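Chemist: have a look; sequence and predicted model below, questions after that.
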Amino acid sequence: MRFDMTDLRLFLHVVEAESITQGSERAGMALASASARIRGMEEMSGVPLLERGARGVRPTQAGDALAHHARIVLGQMEQMRGDLQLYAKGLRGQIRLLSGRAAMAHLPDVLRRFLVDHPTIDVDLEERQSPDVVTAVAGGLADLGIAADTTDIGSLETRPFKTDRLVLITARGHSLAEKRSVALRDILEEPFVGLPADSALQGHLAAHAAREGRQFKLRIRLDSFEDICAMVGSGVGIAIVPDVYATRHQEMLSLGVVPLSDAWASRHLLVCSRNFAVLPVHARRLVEYLAVE
């Protein structure tokens, strides 16, 4: 029975996506080629590896066993490549890093320093919701992840990355703009600009509003903090965003920025790994740059 590295990576992408179509896209492979490889793997193993249904695919018990061993094999291969990089000049290492939205604003400066210092290492950076980051890292589909501590981290190992403070933003002339601080319960009657309903941050805020027996009055949902800041600066409503975005756009968009007095408004962003000690050398080096706060 022979499965190559491409087979194993493809199979893990399909299992994670619960779709051969999406799995093939993540693997950078044509659907017909991906389907043929999956069928070939099933023929070689002599058992079905996937249960196919109208809503996608799920691994069989044999598929779960294959996924488990694939993660181990691919992890060992990456660690071997990283270790050899210390001795083989020019060998390129690649790190797959997944990050929640809040952490993305903090990453460019850190990654710029890392990439300049390590010219033979590449970083495959992808933004995902924090729960999806945790799932992918736990499943061995990424070397490292960054997620907010409001997400269930499960059995992953963590190290601190940054403190993410949530603040209220308003148009410069808004009555709330002159406040020294505000509590969420005191602003829930205001019209808001928010994130999509499936956003981890929006869900976090909605849960705290629900504890006050209230709901947000959302005028519009937007997918980026930059667009939210622009909408708030135009006077459409107020919003709650990470302070790094508020500070970045405060002057250009004439925003009022007011700290939230609620204790939960300070979240901790965590670097996550299945096991830091067994990461490839190049991934361990990136952790040294990330986990410094």
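Modeler: Nice, thanks for sending it over.
Chemist: tell me where the stretch 151-293 of the chain has strands.
Modeler: Under the criterion DSSP state E, counting those that start in this stretch, the stretch 151-293 of the chain contains strands at 157-171, 191-194, 217-221, 239-242, 255-259, 266-273.
Chemist: swap that for the stretch 1-150 of the chain, please
Modeler: 50-53, 56-59, 93-99, 121-127, 144-148.
Chemist: now tabulate those strands in TSV and tack on mean pLDDT.
Modeler: Shown next, in TSV, are those (pLDDT from 0 to 100):
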stretch	mean pLDDT
strand 50-53	91
strand 56-59	91
strand 93-99	90
strand 121-127	92
strand 144-148	94
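Chemist: out of the ones you listed, which gets nearest to R159?
Modeler: R159 sits nearest to strand 144-148 of all these, at 9.9 Å, using C-beta to C-beta. The way it works is simple: take the backbone N, C-alpha and C, and place the C-beta from them, glycine included.
Chemist: out of the strands of the stretch 151-293 of the chain, deepest packed?
Modeler: Among these, strand 239-242 has the highest mean neighbour count (mean count of other C-beta atoms under 10 Å), at a mean of 26.
Chemist: neighbouring strands - and their directions - for that one?
Modeler: strand 157-171 (antiparallel) (DSSP bridges).
Chemist: for the helix-or-strand element of the chain with minimal mean pLDDT, packing partners?
Modeler: One helix or strand of the chain scores below all others by mean pLDDT, DSSP states H and E: helix 61-85, with a mean of 80. Here helix 61-85 touches helix 5-17, helix 31-45, strand 93-99, helix 281-290, going by 3 or more C-beta pairs under 8 Å, 6 or more residues apart in numbering; DSSP states H and E.
Chemist: switch to 10 Å and redo it
Modeler: helix 5-17, helix 31-45, strand 50-53, strand 56-59, strand 93-99, helix 281-290 (3 or more C-beta pairs under 10 Å, 6 or more residues apart in numbering; DSSP states H and E).
Chemist: in the fourth one, what counts as buried?
Modeler: The neighbour-count criterion (16 or more other C-beta atoms under 10 Å) identifies 56-57, 59 as the buried residues of strand 56-59.
Chemist: need the residues you listed in a markdown table (columns: distance to A291).
Modeler: Below are the buried residues of strand 56-59 laid out as a markdown table (distance: C-beta to C-beta, whole Å):
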| residue | distance to A291 |
| --- | --- |
| G56 | 36 |
| V57 | 36 |
| P59 | 33 |
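Chemist: which one of those residues sits closest to I187?
Modeler: G56 (41.1 Å).
Chemist: any idea what that closest one is bridged to?
Modeler: Beta-bridge pairing for G56 (DSSP bridges): G53.
Chemist: among the strands of the stretch 1-150 of the chain, which is the most enclosed?
Modeler: Using mean count of other C-beta under 10 Å, strand 144-148 ranks as the most buried of the strands of the stretch 1-150 of the chain, with a mean of 27.
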